[in-house]
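K.L.:
My questions are about this predicted structure, shown below with the sequence.
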Amino acid sequence: MPELPEVETVARLVRPKLVGRRIEGAHVEWPRTVGELGPDAFARAIEGTRVTRVWRRAKYIVVDLERARAPAGHLSIHLRMTGRLQVDRAGTETPPYTRVELPLDRRAVLRFIDVRKFGRVEYRANLDGAFDHLGPEPLDGSWDAEDFSRELRARRRQLKPLLLDQSFLCGLGNIYVDEALHRSGLHPLRRADRVPAPRARRLFAEIQATLAEAIEREGSSFDTFYRTPEGQPGAYQHQFRVYGRQGKPCKACGRRLVKIFVGQRGTHLCTRCQPAPRLL
């Protein structure tokens, strides 16, 4: 599933192609993609609106709409496993697995492509309560290192499941948790409340650094699904320290990396750089 860097990359790249454009209709190929509203009501809600802003919250892309210069709701887009957004010239051949097409003015079309049909492009009249289940953003200043350290050490959970919990800190997934834990020298099974404050502050700094570097490289393409709106792969997979590198030498110490399972999630680590907690 695309994580924060991939979703941020998509939002940044479609933003200049969408802001200011008018949505002239909607063609829904797979009704579940637009949620409970249904294709007809979805089309009526957005037809004639103009895009005023494109932004990200956690792993959601949000498109703000207006009609006659008054707010007219939002599109809430979640890529899930295999979703892609791209803005094409009108009249170009529709790619396979296109689930939703939104014709735009100035001869353009916004397409949502999704092989596995898990993604969503939903209309919301307002965002009241839409993101109440999400924790702070790691990069926007919602938390500083002291806030993160205090909240981390108040939990009695293992580090990896806690960092994957979107209600604790949003946007992280399997890739970037593994990478940040390795950079911090922390074992994924270590209890959060037993991490000393300096180590917790370092972990937060490494989370921020990992995400920032991944955004700079337009995310990670570790399979055939994630592509930028221009159809290009991300480049951060070439910087991976541990993720997907089991059996290969650690870039820091040379020991062979291992893969374990934490909460049924494949987890990659170096047993020398990330020593196991004593209780294990």
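P.N.:
Happy to help now that I have it.
K.L.:
Which phi and psi values does the residue nearest to G171 when sequence neighbours are not counted adopt?
P.N.:
Nearest residue to G171 in three dimensions, chain neighbours excluded: L4, at 3.2 Å (Cβ to Cβ, 6 or more residues apart in numbering). C-beta: built from backbone N, CA, C; applies to glycine. Main-chain dihedrals, L4, degrees, to the nearest 10: phi -50, psi -50.
K.L.:
if I pick L4, what's in contact with it?
P.N.:
56, 58-59, 138-139, 170-173, 176, 211, 215 (Cβ atoms under 8 Å, 6 or more residues apart in numbering).
K.L.:
got it, and S167?
P.N.:
By Cβ under 8 Å, 6+ apart, S167 lies in contact with 133-135.
K.L.:
before we move on, the earlier item: next one: the residue nearest to G171 from R227, what distance?
P.N.:
17 Å (Cβ to Cβ, to the nearest Å).
K.L.:
still on that earlier bit, so which of the contacts of L4 are in helices?
P.N.:
176, 211, 215 (DSSP state H).
K.L.:
thought the second one was touching L139?
P.N.:
It refers to L211. Yes: if you go by Cβ atoms under 8 Å, L211 and L139 touch, sitting 6.0 Å apart.
K.L.:
the more surrounded of the two?
P.N.:
Neighbour count, other Cβ atoms under 10 Å: between L211 and L139, L211 has more, with 23 against 16.
K.L.:
Can you tell me how far the more buried one is from R80?
P.N.:
On the measure of Cβ to Cβ, L211 and R80 end up 20 Å apart.
K.L.:
Now do the SS call for the residue lying closest to I113 once chain neighbours are set aside.
P.N.:
Nearest residue to I113 in three dimensions, chain neighbours excluded: R84, at 4.5 Å (Cβ to Cβ, 6+ apart). R84 falls in the strand class when you classify it by DSSP: H, G, I helix; E, B strand; the rest coil.
K.L.:
now the strands for the stretch 51-200 of the chain?
P.N.:
Shown for the stretch 51-200 of the chain, the strands assigned by DSSP state E, counting those that start in this stretch span residues 60-67, 70-78, 83-89, 98-104, 108-114, 120-124.
K.L.:
elements contacting the last one?
P.N.:
Using 3 or more Cβ pairs under 8 Å, 6 or more residues apart in numbering; DSSP states H and E as the contact definition, the elements that strand 120-124 packs against are helix 39-46, strand 70-78.
K.L.:
could you dump these to a markdown table with distance to A205, mean neighbour count and mean pLDDT?
P.N.:
What follows is the helices and strands packed on strand 120-124, written out as a markdown table (distance: least, Cβ to Cβ, whole Å; neighbours: other Cβ atoms under 10 Å; pLDDT from 0 to 100):
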| stretch | distance to A205 | mean neighbour count | mean pLDDT |
| --- | --- | --- | --- |
| helix 39-46 | 41 | 18 | 97 |
| strand 70-78 | 28 | 19 | 98 |
